[in-house]
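A.B. asks: give me the fold of what follows.
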Amino acid sequence: MKRNSSLIFPLMLITACALFFTSCDRNRIFENNKDIPETGWDSSNVVKFNVEIKDPSTPANFYINVRNADGYPYSNLFLFIKTRFPNGKQSNDTLECFLADDKGKWTGKGIGDIYDNQIPFKRNVRFPLAGLYTFEIAQGMRQQLIPLIIDVGLRIEKAE
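C.D. replies: Residues are numbered from 1 along each chain as shown. Next comes the predicted model:
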């Protein structure tokens, strides 16, 4: 009986630390990542994010999260990003994400053969309206199906 109770304190401490470190991101307005099928990212597979903006007066920074595997055959990734505003208007952007440098070294933070990239998309932007925004991200490479992109995400944070 004593043996089981001696495990409770370390487990509580680990849980408290995990909660502390995951809840300290005070600047985050929105962040979500979506899995890409193992078969590859088809150009018709559009990844969508719905974001409710309550305070449009807060300036924000936008980032695109890309996780790729070591065998990804390119050094970059082109993305088409469509933003739909609460009033029905939309804007379209093209973003080139550099995933490797000129020497072929992956630019993201890696664990094993997986690399996480957080690519700046827009800086110090104010939302024009409060309400629901929809962001749609599609791959814009010349190949219809690209392999070894594991997931894609959107992060919006308060600009400092």
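A.B. asks: can you give me the buried ones in stretch 116-130?
C.D. replies: D116, N117, I119, F121, K122, F127 (16 or more other C-beta atoms under 10 Å). Backbone N, C-alpha and C define where each C-beta goes, glycine included.
A.B. asks: hey, where'd the strands end up in the chain?
C.D. replies: Along the chain, counting by DSSP state E, strands occupy 28-35, 41-42, 47-53, 60-69, 76-84, 90-98, 109-111, 114-125, 131-139, 145-146, 149-158.
A.B. asks: redo those as TSV? Include mean pLDDT.
C.D. replies: Shown next, in TSV, are the strands of the chain (pLDDT from 0 to 100):
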stretch	mean pLDDT
strand 28-35	97
strand 41-42	98
strand 47-53	97
strand 60-69	97
strand 76-84	98
strand 90-98	97
strand 109-111	89
strand 114-125	96
strand 131-139	98
strand 145-146	97
strand 149-158	97
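A.B. asks: settle this for me: N92 is touching L79, isn't it.
C.D. replies: No. Under the criterion of C-beta atoms under 8 Å, N92 makes no contact with L79, lying 11.1 Å away.
A.B. asks: more neighbours: those two, which one.
C.D. replies: Set N92 next to L79 and count neighbours by other C-beta atoms under 10 Å: L79 wins out with 20 against 9.
A.B. asks: my guess is the more buried one contacts V47. True?
C.D. replies: No. Judged on C-beta under 8 Å, L79 makes no contact with V47 at a distance of 9.5 Å.
A.B. asks: what sits in contact with each of those two?
C.D. replies: I137, A138, V152 (C-beta atoms under 8 Å, 6 or more residues apart in numbering).
A.B. asks: skipping adjacent residues, who's closest to the first one in space?
C.D. replies: Ranked by C-beta to C-beta, 6 or more residues apart in numbering and with sequence neighbours excluded, the top spatial neighbour of I137 is V47, at 4.6 Å.
A.B. asks: OK, contacts around the one you found?
C.D. replies: Contact partners of V47, counting by C-beta under 8 Å, 6+ apart, are K34, I36, E136, I137, A138, V152.
A.B. asks: just the buried residues of the residues you listed.
C.D. replies: Buried among the contacts of V47 (16+ other C-beta under 10 Å): I36, I137, A138, V152.
A.B. asks: for these, work out which two are farthest apart.
C.D. replies: Within the buried ones among the contacts of V47, I36 and A138 form the most distant pair, 11.4 Å apart (C-beta to C-beta).
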